[in-house]
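> What follows is a predicted structure for the sequence shown.
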Amino acid sequence: AAMRTPRMMALMAAMVLAACGSDSDGGTGPGNGGAPAFTATVTGDVETTVKGDAMFGELEDPQAGQIFAVEMSEDDPTGGALIQIIRMGSGIPGTGTYALLAGINGTPADGDWVAAAYDSENGQLVGLFVATSGSVKVTSASSTSFEGTFDFIAVGGLIADPSQEMTIAVTGKFKAKSA
């Protein structure tokens with residue numbers, strides 16, 4: 001039962017839409033030329049390595065209110081992976097290590113952190129995983145740059161086969177620029 005909390009799924013879906021609208025940077029993002037802005041290794045029921053651009057910003061979500069989000073999108077013109085780390089509430093978080101709340105059960109409160117990973121092909125969502133545990137370590141935070149590492153376990157699955165629950169571990173680092 002990977003899809004138990006409609007509110008969390010609505011939040012994540014809203015975030016995916018926000019991400020899709022903002023990643024058309026015409027090929028000038030930090031991942032183009034030089035080191036990618038994020039890299040992540042996925043193990044478990046899905047095994048892959050992804051890299052690409054990373055952006056951060058504050059936004060208002062209709063269900064969740066003010067949120068701070070780091071969005072990491074794979075350099076893949078046909079879709080690819082998207083990893084999101086979200087802190088409920090306003091403001092840019094400071095440096096430190098933050099535990100990720102299980103985003104499937106319960107309602108994240110102000111100050112709570114959640115994470116999710118998605119996979120898409122040709123603009124269609126094909127996979128969705130929500131973190132159940134893990135942490136984010138913020139090593140540098142300013143109004144223009146937000147850097148750190150993350151490590152989380154997530155459950156979910158493929159949209160085509162929602163009855164098949166899958167588990168993945170996601171480990172990576174990011175150097176996000178302000179959206």
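Received the coordinates, thanks.
> Look at Thr139 and say how many residues are nearby.
By other CB atoms under 10 Å, 14 other residues sit near Thr139. From N, CA and C alone the C-beta is placed, and that goes for glycine too.
> and whichever strand or helix holds it, what does it pack onto?
Using DSSP states H and E, Thr139 sits in strand 124-141. Counting by 3 or more CB pairs under 8 Å, 6 or more residues apart in numbering; DSSP states H and E, the packing neighbours recorded for strand 124-141 are helix 6-22, strand 79-88, strand 96-99, strand 113-121, strand 145-158, strand 166-178.
> Could you export the fifth one as CSV, keeping only the C-alpha atoms?
This means strand 145-158. Extracted in CSV, the C-alpha atoms of strand 145-158 (Å, rounded to 0.1, in the frame of the first residue of the first chain):
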residue,chain,number,x,y,z
SER,A,145,23.4,28.4,-3.1
PHE,A,146,22.3,25.4,-1.0
GLU,A,147,24.6,22.4,-0.7
GLY,A,148,24.7,19.0,1.0
THR,A,149,24.3,15.3,1.0
PHE,A,150,21.3,13.0,1.4
ASP,A,151,20.7,9.3,2.1
PHE,A,152,17.2,7.8,2.3
ILE,A,153,15.2,4.6,2.0
ALA,A,154,12.0,5.0,-0.1
VAL,A,155,9.0,2.8,-0.9
GLY,A,156,6.8,3.0,-4.0
GLY,A,157,6.6,1.5,-7.3
LEU,A,158,5.7,1.8,-11.0
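> In three-state terms, label Asp110 for me.
Using DSSP: H, G, I helix; E, B strand; the rest coil, the structure places Asp110 in coil.
> I'd assumed Arg87 was in contact with it.
No - counting by CB atoms under 8 Å, Asp110 does not reach Arg87; the two are 9.2 Å apart.
> If you count surrounding residues, which of those two has more?
More crowded of Asp110 and Arg87, by other CB under 10 Å: Arg87, with 24 against 12.
> In the beta-sheet assignment, what are the partners of the closest residue in space to the more buried one that isn't next to it in sequence?
Computed as CB to CB, 6 or more residues apart in numbering, the closest residue to Arg87 that is not its neighbour in sequence is Phe68, at 4.5 Å. Under the criterion DSSP bridges, Phe68 forms beta bridges with Glu58, Arg87.
> Phe68: what's it in contact with?
Phe56, Gly57, Glu58, Ile86, Arg87, Gly89, Ser90, Gly91, Ile92, Pro93 (CB atoms under 8 Å, 6 or more residues apart in numbering).
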